[in-house]
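# Kindly generate the corresponding structure for this input.
(chains A and B)
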Amino acid sequence: MSDVIVLADADDHDLTKLSEYRSVGGYAQLERIRGLAPASVIDELNSANLRGRGGAFFPTGRKMQFIPSPQQIPKPHYVCVNADESEPGTFKDREIMNRVPHRLIEGSLIAAHAIESQHVFIYIRGEYLDPFEALRAALDEVRDAKLLGGVTVVLHRGAGAYICGEESGLLESLEGKRGQARSRPPFPAVSGLYASPTLINNVETIATIPKILDIGGAEYAEIGAPPDSTGTRLFCVSGNVAKGGNYELPMGISIREVIYDLAGGIPDGRELKAVIPGGSSMPILTADQIDVPLDHDSLRALDTFLGAAAVIVIDDRACLVQLGLRVAQFYMHESCGKCTPCREGTRWMVQLLEAIEAGEATHSQLDLLLDVCDRILGKCLCPLGDAAALPVASYVTKFRDEFRAHVDQGGCPFGGESSLEGLFAPSDQHSHAPAAEVPA
Amino acid sequence: MVSHFQREVSAIAEQYPEPTSAVMPALRLAQEQHEGWLPPEALREVAEALDLTPGYVKGVATFYDMFHLEPVGRRLVEVCTNICCGLRGAQGVLDAFESELGVAPGETTPDGAFTLRAVECIGGCDRPTVVAIDDRHRFNVSAAEVPQIVRELRDE
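Predicted coordinates:
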């Protein structure tokens, strides 16, 4: 059996067309399960052990089971598809929407059936114009073909805010507010969109569902690295590789295989220095750790995560202090400003990293940087603060010599030759969180 | 007297259980109808159409990077400068646009033709550098081809 699930048949067919998608069995699962009890869908997802592809890896079937029935909470139930893909290094949902939009729509309608919902919202990041157009065209076809079965599907475009990819920020934004994180509980399953029961899933998760129902959960669970990391992922490979791109592969393939067998290795005769396995918010791995299988448990053993499966490859030209600074600048800009540790802590991180890069820091400030990271970790309403603190702390810890060299040499040891030299953090974008002045 | 804009916004709002959800699509529409940015009268129009206060609408608009509260050029050139493009030379692409257009990131050319911006990751990391021109993404842009791109944009 082919181990291509989400992008199945997309190489041989133009699956943006309803007729082509139907010719490969599209919407057959939707039509089949509409005659079945909602629980039967959830049972199948549980036996597949499908986990959330947005990064949290939460069991999808169990998430659906958390949604009270309409008898228990007699309000409209909502499905929100998180298409606000914004994590640096991630571009898989873009390809899914561009190439298999019907599979996403079918998965959304199946999810709606599973939680007895009549309302689907697809929150798509504002910068994704071509995926929006592909989804809109597909949705028009589905509507004309009367496949919606009474369910409304609304495409809601974001307008540039990373935090709206966080589920509670997404809900706030969809309600027409600033996209700030909510405190939980209550959890969205009980009180989400408009304080009603809400299921929120990532694009890739939803687009996996039709194939699981097609081949059966048990068979799906044999793909990848069972028992926990079942199935495939779209690995987004970028950075210093010859052939970047999305590679849909069973979980459990090693980083080495991805870089050297699929992505063509490191160009320009350079040496591999480090790899970020799951997107910019994930702790970094050193070049000697790349035999690790890309699955949840193997990466956890190395204190990192698969996240959104964005494999960012970094060669020996990159200064890791500059990398840390640019990552910290990103999260500082994207902090919604609600929680003090994230709002202020990311600014402290940037200031310290600027001082280290400029050669103006002391050795004790390396520890201060780790201390600031520690004071953010786990202390905020949403994971954005962690997304800044975790990777930067890992750079300091794993590349401590390089950080120390900045202090000892009074400047960047790359002497202006780093590949990231002068990388410009946007200064004219909106500040989601108006800055407080940090005392010197 | 119900304006054309109000009717358009009302049609959008009907898609949502709560009309306030339409504030972002309404802001996008207003921005399109006000030369790419949101002057105070645009915020007032959105507020009136959705029965919100202009202050509330401005509060939402100021949160999102794609809503512009200052005038922008007729063409918007946005260069990704996050890490994946940065590892592959985004700085050089941004520098090339700066020198071709004669403005720094965040600035608009004196003739109002171009606004240049550096932006965060826009999701084309495998094809660096990604440049958005009026929201359309161009991939694999190198510094060397920037003069040609700018020439073409000036001719359009």
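# and residue A:421, how many neighbours?
Residue neighbour count, defined by other Cβ atoms under 10 Å in any protein chain shown, stands at 17 for residue A:421. Every residue, glycine included, has its C-beta placed from N, CA and C.
# typo on my end, it should be residue A:96
Every residue meeting other Cβ under 10 Å relative to residue A:96 is counted, giving 30.
# now residue A:46
Here the number of neighbours of residue A:46 (other Cβ under 10 Å) works out to 18.
# Then residue A:399?
Residues near residue A:399, counting by other Cβ under 10 Å, number 20.
# ok now do it, which residues does it touch?
A:274, A:284, A:320 (Cβ atoms under 8 Å, 6 or more residues apart in numbering or on different chains).
# need the strands for the stretch 251-400 of chain A, in chain order.
Residue ranges of the strands in the stretch 251-400 of chain A, as given by DSSP state E, counting those that start in this stretch, are A:272-276, A:285-286, A:310-315.
# list the helices and strands the longest one packs on?
Spelled out, it's strand A:310-315. strand A:232-239, strand A:272-276 (3 or more Cβ pairs under 8 Å, 6 or more residues apart in numbering or on different chains; DSSP states H and E).
# Go ahead and list the helix or strand containing the residue nearest to the spatial centre of chain B.
If you average the C-alpha coordinates of chain B and look for the closest C-alpha using Cα atoms, centre = their mean, you land on residue B:66, 4.6 Å from that point. When elements are assigned from DSSP states H and E, residue B:66 belongs to no helix and no strand.
# can you pull the contacts of it?
Residue B:66 makes contacts with A:126-127, A:159-160, B:28, as judged by Cβ under 8 Å, 6+ apart.
# Farthest pair within those?
Put simply, by Cβ to Cβ the two of the contacts of residue B:66 set farthest apart are A:127 and B:28, 12.5 Å from each other.
# Count the residues that sit near the closest residue in space to residue B:130 that isn't next to it in sequence.
Ranked by Cβ to Cβ, 6 or more residues apart in numbering or on different chains and with sequence neighbours excluded, the top spatial neighbour of residue B:130 is residue B:124, at 3.7 Å. Residue B:124: 24 surrounding residues under other Cβ under 10 Å.
# got a list of what residue B:124 touches?
A:91, A:94, B:80, B:130, B:137, B:139.
# thinking the last one is in contact with residue B:133, fair?
No. In this structure, residue B:139 sits apart from residue B:133 without contact. The criterion is Cβ atoms under 8 Å, and the distance is 11.7 Å.
# Please identify which of those two sits among more neighbours.
Looking at residue B:139 and residue B:133 with other Cβ under 10 Å, you find the greater number of neighbours at residue B:133, namely 17 against 11.
# ok, the more buried one - contacts?
By Cβ under 8 Å, 6+ apart, the contact list for residue B:133 reads B:75-78, B:149, B:153.
# Kindly report the same for residue B:79.
Residues counted as contacts of residue B:79 (Cβ under 8 Å, 6+ apart) are B:85, B:90, B:93-94, B:97, B:105, B:116-119, B:129-131.
# Turn the residues you listed into JSON lines, including pLDDT, secondary structure and neighbour count.
Formatted as JSON lines, the entries for these read as follows, by pLDDT from 0 to 100; DSSP: H, G, I helix; E, B strand; the rest coil; neighbours: other Cβ atoms under 10 Å in any protein chain shown:
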{"residue": "B:85", "pLDDT": "98", "secondary structure": "helix", "neighbour count": "28"}
{"residue": "B:90", "pLDDT": "97", "secondary structure": "helix", "neighbour count": "27"}
{"residue": "B:93", "pLDDT": "98", "secondary structure": "helix", "neighbour count": "25"}
{"residue": "B:94", "pLDDT": "97", "secondary structure": "helix", "neighbour count": "28"}
{"residue": "B:97", "pLDDT": "98", "secondary structure": "helix", "neighbour count": "26"}
{"residue": "B:105", "pLDDT": "95", "secondary structure": "coil", "neighbour count": "22"}
{"residue": "B:116", "pLDDT": "97", "secondary structure": "strand", "neighbour count": "24"}
{"residue": "B:117", "pLDDT": "96", "secondary structure": "strand", "neighbour count": "23"}
{"residue": "B:118", "pLDDT": "96", "secondary structure": "strand", "neighbour count": "24"}
{"residue": "B:119", "pLDDT": "96", "secondary structure": "strand", "neighbour count": "21"}
{"residue": "B:129", "pLDDT": "98", "secondary structure": "coil", "neighbour count": "25"}
{"residue": "B:130", "pLDDT": "98", "secondary structure": "coil", "neighbour count": "28"}
{"residue": "B:131", "pLDDT": "98", "secondary structure": "strand", "neighbour count": "25"}
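# show me where pLDDT drops low in chain B?
B:1 (pLDDT under 70).
# can you do 90?
Residue ranges of chain B with pLDDT under 90: B:1-2, B:156.
# same check, this time on the stretch 1-150 of chain A
For the stretch 1-150 of chain A, applying pLDDT under 90 flags the ranges A:1-3.
# Quick check: the gap between the residue of it found nearest chain B and residue A:106.
Chain B sits closest to residue A:88 of the stretch 1-150 of chain A, with a gap of 4.0 Å, by Cβ to the nearest Cβ. When distance is defined by Cβ to Cβ, to the nearest Å, residue A:88 is 30 Å away from residue A:106.
# And for residue A:319?
Using Cβ to Cβ, one gets 46 Å for the distance from residue A:319 to residue A:106.
# The helix or strand containing residue A:249 near chain B anywhere?
Take DSSP H and E as the rule and residue A:249 turns out to sit in strand A:245-250. Yes. Residues of strand A:245-250 are located near chain B by Cβ under 8 Å from any Cβ of the partner chain, namely A:245-246.
# Partner strands of that strand, with direction?
The strands beside strand A:245-250 in its sheet (DSSP bridges) come out as strand A:232-239 (antiparallel).
# tilt between the strand it pairs with and strand A:310-315?
Using axes from the mean of the first three to the mean of the last three Cα atoms, to 10 degrees, the direction of strand A:232-239 lies 30 degrees away from that of strand A:310-315.
# rewinding a little: which one of residue A:319 and residue A:106 has more residues nearby?
Using other Cβ under 10 Å as the criterion, residue A:319 and residue A:106 rank with residue A:106 on top: 27 against 24.
# got a list of what that one touches?
By Cβ under 8 Å, 6+ apart, the neighbours of residue A:106 are A:26-27, A:29-30, A:209-210.
# Name the nearest residue to residue A:119, sequence neighbours excluded.
Spatial nearest neighbour of residue A:119, chain neighbours left out: residue A:78 (5.0 Å); criterion: Cβ to Cβ, 6+ apart.
# try residue B:123
Closest residue to residue B:123 in three dimensions, ignoring its sequence neighbours and counting by Cβ to Cβ, 6+ apart: residue A:91, at 4.6 Å.
# now residue A:102
For residue A:102, the nearest residue in space outside its immediate sequence neighbours is residue A:21; the separation is 4.1 Å by Cβ to Cβ, 6+ apart.
# Got the domain ranges for the chain?
Using chain A. For chain A, the domain assignment from automatic domain parsing gives the residue ranges A:18-222, A:228-315, A:320-409.
# try chain B instead
Looking at automatic domain parsing, the domains of chain B come to B:4-61, B:75-155.
# Which of these sits closest to residue A:406?
Shortest distance between residue A:406 and those, using Cβ to Cβ, is found for domain B:75-155: 18.4 Å.
# distance between the ends of that closest one?
Using Cα to Cα, to the nearest Å, one end of domain B:75-155 lies 12 Å from the other.
# thought residue B:102 was touching residue B:108?
No. At 10.9 Å, residue B:102 and residue B:108 do not qualify as touching, with contact defined as Cβ under 8 Å.
# Who has more neighbours out of those two?
A side-by-side neighbour count of residue B:102 and residue B:108, using other Cβ under 10 Å, places residue B:108 first with 19 against 12.
# need the helices for chain B, in chain order.
Read by DSSP state H, chain B holds these helices, from start to end of the chain: B:4-13, B:23-32, B:40-50, B:54-61, B:83-86, B:90-101, B:146-155.
# sorry, back to before: distance to residue B:7 added to the contacts of residue B:124, as TSV?
Below are these laid out as TSV (distance: Cβ to Cβ, whole Å):
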residue	distance to residue B:7
A:91	37
A:94	33
B:80	37
B:130	37
B:137	32
B:139	38
